[in-house]
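In: The following block contains a protein sequence and its predicted model.
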Amino acid sequence: MEKTRVHTLPVSIISDLKELTKVRLALSVVFSSVAGYFLGAGSIDFLTVVMLSIGGYCLVGASNAYNQILEKDLDSLMDRTKNRPIPSGRMSVNMAFFIASSLTLLGLVILYMINPKTAMFGAISIFLYVCVYTPLKTKTPLSVFVGAFPGAIPFMLGWVAATGDFGIEPGTLFMIQFFWQFPHFWALGWWLYDDYAKGGFFMLPTGKKDKGTAVQIVLYTLWTVLVSLIPVTGMTGDLYITPFSAGIVLLLGLVMLYYAVQLYRNRDKKSAKNLMFASVSYITLLQIIYVLDKLIRVWI
C-alpha cells in the first residue's frame, strides 16, 4: 500500500501543476510566440527560441494560477472547474501563490535576458490578465474586450523577441489575434453558457444567447479574416505573405465564417462548439501558413 502511495504522489503533483498552469492553453500561447519569432527573425537563434518558450510558459502559467486563486470560490460552483487543484482542496492558496509568484519572476527574468521590450510586454500581459480582466469577468461582458489585449500579445511578442522593436509588423500580428479572440471566446461562452452562469460569468456581449450576440460574432469573424489578409498588400513592412498563402488564409477564414453564420442561424450549443473548434484551427493554421510562406520565400 505504501508503495502505491509513493508512486502516485508525484504523478498527482505533476497533474495538479499542469492543471494549475493550464498546460494546453499555455503551450498554444508558446506556439503563437514562437511563430511570431520565426516571422521576425532574420536568422534563427535556437537558444532564444528555448528562452522565449520557457519564459512565455512561465508567464502564462503564472497568469492561470493567479486566475484560479482569485476565482477559487467561483470555480467550485462550475462543473468544468470544480475539480481544479484549489477548489478541490488538493492544493492550498498559499502553495498556488508561491508557484505563481515563482513562475512570474522566472518568466520575466528569462524574457528580459532576450531583450527588455519582450519582458515589458510580458509584464503588461500578466498585469492586464490578472488585475484587470479577471476581476471584470463577473462584472461586465466588456471583460472579453479587456482580456483580448493580453491575449493578443503572444503572437507579437515573438516578433519583438526577434527584433527588439515594436512597429507595424508586430502591431499587425497583435491585431490579428486581437480580433480573433472575440468569435473564439464568445463561441466558448455560448457553448458553456449554463456552466459559466453558475459561477456568475456572463461572457457574451449582450449577456444572452440572442441574435445580437450572434450578429457580433459574425462581424468579428469577418474582421478577423480581413485583418489576416492585410500582409498580402505589402503595407505591413517586413511582414508579408504571398497571394497564394493569402488565398489559403482566405479559404480558412471562409470556413470559420461559415460556422459563425451557422451559429447565427441555429443559435444552439452544437453550432457554438463547432465555431469554437474552427476558430482554434484557424489561428493555428494561419500561424503555420505565415511561417511556411516566409521560409519558402527565403529558401527560394
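Out: In hand now; what should we look at? Residues are numbered from 1 along each chain as shown.
In: in the strand or helix carrying Pro170, what's buried?
Out: Per DSSP states H and E: Pro170 is located in helix 168-191. For helix 168-191, the neighbour count (16 or more other Cβ atoms under 10 Å) marks 169-170, 172-191 as buried. C-beta coordinates here come from the backbone N, C-alpha and C atoms, glycine included.
In: I'd say Met276 and Gly189 touch.
Out: No. At 9.3 Å, Met276 does not count as touching Gly189 under the criterion of Cβ atoms under 8 Å.
In: which helices and strands does the helix holding Pro170 pack with?
Out: helix 23-40, helix 143-163, helix 211-228, helix 243-266, helix 269-299 (3 or more Cβ pairs under 8 Å, 6 or more residues apart in numbering; DSSP states H and E).
In: what ranges do the strands span in the stretch 1-150 of the chain?
Out: Read by DSSP state E, counting those that start in this stretch, the stretch 1-150 of the chain holds no strands at all.
In: domains in the protein, as residue ranges please.
Out: 1-164, 167-300 (automatic domain parsing).
In: wouldn't Leu103 be in contact with Leu59 here?
Out: Yes. With contact defined as Cβ under 8 Å, Leu103 reaches Leu59; the gap is 7.1 Å.
In: of these two, who's got more company?
Out: It is Leu59, of Leu103 and Leu59, that has more neighbours when counted by other Cβ atoms under 10 Å, with 31 against 24.
In: tell me the pLDDT at that one?
Out: We have a pLDDT of 96 for Leu59.
In: isn't it right up against Ile110?
Out: No. With contact defined as Cβ under 8 Å, Leu59 does not count as touching Ile110 (9.1 Å).
In: Least reliable of the domains of the chain by average pLDDT, please.
Out: Looking at those, the weakest mean confidence is domain 1-164, a mean of 90.
In: hey, which of the helices and strands packed on helix 168-191 is tucked in deepest?
Out: Neighbour counts (mean count of other Cβ atoms under 10 Å) averaged over each of the helices and strands packed on helix 168-191 peak at helix 143-163, with a mean of 24.
In: Work out the gap between it and the centre of the chain.
Out: Here the centre of helix 143-163 is set off from its chain's centre by 8 Å, with Cα atoms, centre = their mean, to the nearest Å.
In: Good, wrapping up.
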